[in-house]
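>>> Predicted model, plus sequence, below.
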Amino acid sequence: MKRIVVLVSGAGSNLQVLIDACQQGRIAAKLVAVFSNKADAYALERAQSAGIPADSLDAKAFTDRASFDAALAQAIDAYQPDLVVLAGYMRILSPEFVKHYAGRMLNIHPSLLPKYPGLHTHRQAIENQDEVHGTSVHFVTEQLDGGPVILQAKVPVFAEDNIEELQARVQTQEYNIYPLVVSWFVDGRLIMRDGQAVLDGQTLPEQGYAAD
Ligand code: GRF
């Protein structure tokens, strides 16, 4: 059985969906540990309720990003994961950390990448009067939110939307696509090769699988 470690910072609704998918056999893997950079993340409670070891590291206890990430990597590697899943992990990763997990670390970002990397994606979509917004699952590379896209889901943006409404619409789609992509990886169908995402032997286009 493949082993997955999940990194979180917040509410952990994506983590919950991954927990459920593993329990229901939709992902043929075991969630072996959850780590947070926030001790009060609700995601840690979700993990504990599911019987998954969960712990947090406090950045204030470390002199710099590299030493925090080295400690985190050591904690992660004690669980010997095949895959590291970022699920709302709100901390910039050091290049060493990213290299260490190259090709075996996924992230979900709430925009149609390469549009809107970074923060406040829903606000930007509304302010720019975009008609379409969405979410992207990608391999993590050293470029922030810049790794090869595997799968996106689009949602409409309505003129009367506020940020919370749009975020909720996007997250509903996240709950569909993240477990699916994780299952592709776990089943050996998805790899990163030469900086590109490859599914079933086919290099995926810039906007991932089934881009229209
Ligand atoms: C998600 O919307 C994800 O796209 C972003 O952070 C949010 C995490 O939410 N990276 P949750 O902690 O999974 O509820």
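Looks like it arrived, so ask away. Numbers count the residues shown, from 1 in each chain.
>>> what's the neighbour count on the residue in the chain that the ligand sits nearest to?
In the chain, the residue that lies nearest the ligand is residue 88 (2.7 Å; C-beta to the nearest ligand atom). In short, each C-beta sits where N, CA and C put it, glycine included. Burial measure for residue 88: 22 neighbouring residues, criterion other C-beta atoms under 10 Å.
>>> which parts of the longest helix along the chain are buried?
Longest helix in the chain by number of residues (criterion: DSSP state H): helix 163-186. By 16 or more other C-beta atoms under 10 Å, the buried positions in helix 163-186 come out as 166-167, 169-171, 173-175, 177-186.
>>> neighbouring contacts of that helix?
The contact list for helix 163-186, computed with C-beta atoms under 8 Å, 6 or more residues apart in numbering, reads 2, 4, 13-14, 17-18, 21, 26-29, 82-83, 85, 87, 106, 108, 110, 122-123, 125-126, 133-135, 137, 150-158, 161, 190, 199.
>>> Can you say which of these are buried?
Counted by 16+ other C-beta under 10 Å, the contacts of helix 163-186 give 2, 4, 13-14, 17-18, 21, 27, 29, 82-83, 85, 87, 106, 108, 110, 122, 125-126, 133-135, 137, 150-155, 157, 161, 190, 199 as buried.
>>> count of neighbours near residue 25?
Neighbour count for residue 25, taken as other C-beta under 10 Å: 8.
>>> Am I right that it sits in a helix?
No. Counting by DSSP: H, G, I helix; E, B strand; the rest coil, residue 25 is not found in a helix; it is coil.
>>> Give me the phi and psi angles of the residue nearest to residue 19 when sequence neighbours are not counted.
Using C-beta to C-beta, 6 or more residues apart in numbering and skipping the chain neighbours, the partner closest in space to residue 19 is residue 50 (4.8 Å). Per-residue torsions, residue 50: phi -90, psi 0 (degrees, to the nearest 10).
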